[in-house]
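K.L.:
generate coordinates for the sequence data below:
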Amino acid sequence: MLILEDDERFAETLATEYRDRGYRVDCANGLASLRALPEFPYDYAIVDLRLRSDSGLNAIPIIKEFSPKARILILTGYGSIATAVRATKLGAFNYLTKPVDVDDIERAFSSDGHRPSDARDTEDETGLSLARHEREYIEYVLAECDGNISRAARRLGLHRQSLQRKLRKYTPR
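P.N.:
Prediction:
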């Protein structure tokens, strides 16, 4: 699986989750780092539409070049019909508007009945713990608050120190 996302926390959260589910995961944060990855035929790609100075739409032909069968999912916080149509025409399989979680992405990848690769077959269906879900949500809120711990803590209804303890306790592997 390839994750092309400029939000490093979100990318690491996704990568950790998919590695736990048995996927081989590579991450890139822009077109330059995507081109620097060793060629590897990816089955799945999660691509953020906005990558700092790049567009995730420009990544689609690059991914298709070395992984023609890759199922590419575009994620965006700024969804529009025009970009969804353009992404699909370029070869994206699906398009989701943030916020999303790993289960939303899994459902999108399997929305046509396609089962993710053999890694999925070994998944423990009960393997997602409450702690993992909590960590994902905290990461999401933290990203929405531009990494500001105090603002994220207020939004979550926690004391700042409680949020910091939770972040230290559930550090992604």
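K.L.:
what packs against the helix or strand hosting residue 133?
P.N.:
Per DSSP states H and E: residue 133 is located in helix 130-144. Judged by 3 or more Cβ pairs under 8 Å, 6 or more residues apart in numbering; DSSP states H and E, the packing partners of helix 130-144 are helix 8-20, helix 149-156, helix 160-169. (Each C-beta comes from the backbone N, C-alpha and C, glycine too.)
K.L.:
which of those helices has the lowest mean pLDDT?
P.N.:
Sorting these by mean pLDDT places helix 160-169 lowest, at a mean of 83.
K.L.:
tell me what that one is packed against?
P.N.:
Using 3+ Cβ pairs under 8 Å, 6+ apart: helix 160-169 touches helix 130-144, helix 149-156.
K.L.:
tell me the contacts of the closest residue to residue 24 other than its chain neighbours?
P.N.:
Counting by Cβ to Cβ, 6 or more residues apart in numbering, residue 24 lies nearest to residue 1, which is 6.9 Å off, once chain neighbours are set aside. Each residue near residue 1 by Cβ atoms under 8 Å, 6 or more residues apart in numbering is listed here: 18, 23, 24, 25, 26, 42, 43, 44, 45, 46.
K.L.:
any idea how far the fourth one lies from residue 48?
P.N.:
As defined by Cβ to Cβ, to the nearest Å, residue 25 lies at a distance of 15 Å from residue 48.
K.L.:
the fifth one too?
P.N.:
Distance of residue 26 to residue 48, computed by Cβ to Cβ: 15 Å.
K.L.:
before we move on, what about the first one?
P.N.:
Taking Cβ to Cβ as the criterion, residue 18 is separated from residue 48 by 15 Å.
K.L.:
if I pick residue 73, what's in contact with it?
P.N.:
44, 45, 46, 47, 92, 93, 94, 95, 96, 105, 108, 109.
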